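Q: got a predicted model here, sequence first, then my questions.
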Amino acid sequence: MKSTFRKVLKWTLRSLAALVVLLVVAYAVIYFITEKRLSKTYDVDVAHLTIPTDAESIAKGGHVIATRGCQDCHGKDLAGNIMIDDPGLGRIVASNLTSGKGGVGGEFSAEDWVRAIRHGVGPDKKPLKVMPSNEFSGISNADLANMIGYIKSLPPVDKELPDHNLKPLARVLFVAGPLAGLTTADKIDHTQEFTDKLTPAITAEYGKYLAVSCSGCHGQDFKGQEMPIPGMKASANITSSGDVGKWTETQFMTVLKTGKRPDGRQLNNKDMPWEMTRNFTDDEIKSIYLFLRSLPAKQELQASAK
Ligand code: HEC
Ligand code: HEC
């Protein structure tokens, strides 16, 4: 009896030890892969832009900033924020962009700004984390220069923030897929032809240019998706096959300006950032409406795939 027990105990301990070794090896592999991806260097050809300092261009840049979601992560004053500090995932910090203490504004050259915003790459040529540059790489040279002009015009804010700290769970999810968006430099075509200037117009085409900043939450096809961060509400299908397909332009505008749906339900700004979308001009919202409604409905997509 005793010897059977001992055998079972020995066997259990051995399996446990094997499991621990396996886990340690698996994590070492994951750590190695993530470190390799995070320390990869990108030699991108950075456009040389002249950063404007006149009031009109700076105001235009402020409008782009207010409608592209920069403030959701970097804060209203762009002085940075601790975005996530989770025992499992770790800490992710959106940088202080001003020229105050702890900010990058005092050190960044025009090229550093372009490399970061458009290419998702830091001055050390390594990929930035969580910064969704894939949504910004299509921004025209003129809009990008105005944005940088606006950031440089901001009052310096002294705010020193802690470093990032990626915990095991974040690394596992980064490799496994759900957090694949942790870096975006690897998802951007750095050699694409960048548009010099776009003239605003009430067209689906201009709406497409603006709606790129909706795709991070609503998906590349704008049909809605589950969010990668736990606790975040799933987004909605905002193409013609969703409720947007049934709403008039005025109703759509009310949703983007106030968060109030035609049926009276109030969307929470924490889920759907209407405090950002309300900064669009009426003409811009009309363009986005045209673009979203021009997208084929799900059924048609499936039918054409057959
Ligand atoms: C989803 C959150 C998010 C949004 C939206 C976002 N950023 Fe970032 N951004 C970050 C994080 C996090 C970092 C820090 C990356 C790092 O240190 O690896 C960052 C880094 C940067 C940097 C580089 C600073 C540095 O420390 O090297 C610049 C410049 C920047 N962002 C500008 C912008 C601008 C302009 C916008 C809007 C067009 C924007 N960001 C939108 C999260 C965001
Ligand atoms: C940070 C994530 C995020 C961004 C960015 C975002 N949305 Fe949303 N949006 C959501 C979520 C989540 C919902 C669902 C909220 C709910 O049902 O309570 C939603 C709902 C909506 C709705 C209501 C749809 C319905 O059927 O109820 C519209 C319209 C909409 N978004 C349009 C946009 C547009 C246009 C943009 C870009 C200019 C945008 N959103 C950017 C997360 C986002």
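A: Happy to help now that I have it. Ligands and ions are numbered 1, 2, ... in the order given.
Q: what ranges do the helices span in this structure?
A: 2-39, 55-67, 70-74, 110-119, 141-153, 168-176, 204-218, 249-258, 274-277, 282-294, 298-305 (DSSP state H).
Q: could I get the pLDDT score of the most centrally placed residue in the chain?
A: Residue closest to the mean C-alpha point of the chain, counted by Cα atoms, centre = their mean, is P132 at 3.3 Å. Model confidence at P132, given as pLDDT, is 94.
Q: just want the phi and psi numbers for it.
A: Taking degrees, to the nearest 10, you get phi -80, psi 60 for the backbone angles of P132.
Q: out of the helices of the chain, nearest to ligand 2?
A: Nearest to ligand 2, of all these, is helix 204-218, at 2.8 Å by Cβ to the nearest ligand atom. Placement of C-beta: from N, CA and C, glycine included.
Q: quick one, that closest one and helix 282-294 angle?
A: 80 degrees (axes from the mean of the first three to the mean of the last three Cα atoms, to 10 degrees).
Q: ok, and what's touching helix 204-218?
A: 67-69, 132, 135-136, 138, 198, 200, 222, 224-225, 227, 235-238, 272, 280, 284, 286-292, 294 (Cβ atoms under 8 Å, 6 or more residues apart in numbering).
Q: restrict these to those near ligand 2?
A: G69, S235, A236, I238, M272, I288 (Cβ under 6 Å from any ligand atom).
Q: now for those: which two are most distant?
A: Pairwise distances across those (Cβ to Cβ) peak at 17.1 Å, for the pair G69 and A236.
Q: up against ligand 2, what does this protein have?
A: For the chain, the contact set with ligand 2 under Cβ under 6 Å from any ligand atom comprises 69, 211, 213-214, 216-218, 233, 235-236, 238, 242-244, 255-256, 261, 267, 271-273, 277, 288.
Q: now with 5 Å?
A: When proximity is defined by Cβ under 5 Å from any ligand atom, the chain lies next to ligand 2 at C214, C217, K233, S235, A236, I238, D243, V255, L267, D271, M272, T277.
Q: as TSV, the residues you listed with neighbour count, pLDDT and distance to R6 would be great.
A: As requested, the residues of the chain next to ligand 2 are exported to TSV (neighbours: other Cβ atoms under 10 Å; pLDDT from 0 to 100; distance: Cβ to Cβ, whole Å):
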residue	neighbour count	pLDDT	distance to R6
C214	21	95	64
C217	20	92	57
K233	13	91	54
S235	20	95	57
A236	19	95	60
I238	27	97	64
D243	15	95	66
V255	22	98	69
L267	17	97	63
D271	15	94	57
M272	21	96	62
T277	24	97	68
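Q: can I get those residues in a markdown table including distance to A142?
A: A markdown table is the format used below for the residues of the chain next to ligand 2 (distance: Cβ to Cβ, whole Å):
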| residue | distance to A142 |
| --- | --- |
| C214 | 22 |
| C217 | 26 |
| K233 | 35 |
| S235 | 30 |
| A236 | 32 |
| I238 | 27 |
| D243 | 34 |
| V255 | 29 |
| L267 | 32 |
| D271 | 32 |
| M272 | 29 |
| T277 | 22 |
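Q: out of these, who's nearest A55?
A: T277 (25.2 Å).
Q: find the nearest non-adjacent residue to that closest one, please.
A: Nearest residue to T277, sequence neighbours excluded (Cβ to Cβ, 6 or more residues apart in numbering): L256, at 4.2 Å.
Q: do A94 as well
A: A94's closest residue in space is C73 (Cβ to Cβ, 6+ apart), at 4.2 Å.
Q: show me what contacts the one you found?
A: By Cβ under 8 Å, 6+ apart, C73 lies in contact with N81, M83, A94, V130, M131.
Q: again, only this time at 10 Å
A: C73 sits next to G80, N81, M83, I92, V93, A94, S95, V130, M131, P132 when contact means Cβ atoms under 10 Å, 6 or more residues apart in numbering.
Q: the last one contacts M83, correct?
A: Pointing back at P132 there. No: P132 is not in contact with M83 according to Cβ atoms under 10 Å; the separation is 11.9 Å.
Q: burial check on V244, number of neighbours?
A: Other residues lying near V244 total 20 when counted by other Cβ atoms under 10 Å.
Q: quick one: contacts for it?
A: By Cβ under 10 Å, 6+ apart, V244 lies in contact with F222, A236, N237, I238, Q251, F252, V255, I288, Y289, L292, R293, L295.
Q: try it again at 7 Å.
A: I238, F252, L292, R293 (Cβ atoms under 7 Å, 6 or more residues apart in numbering).
Q: near ligand 1, which residues of the protein?
A: 68-70, 73, 94-95, 104, 116-117, 122, 128-131, 136.
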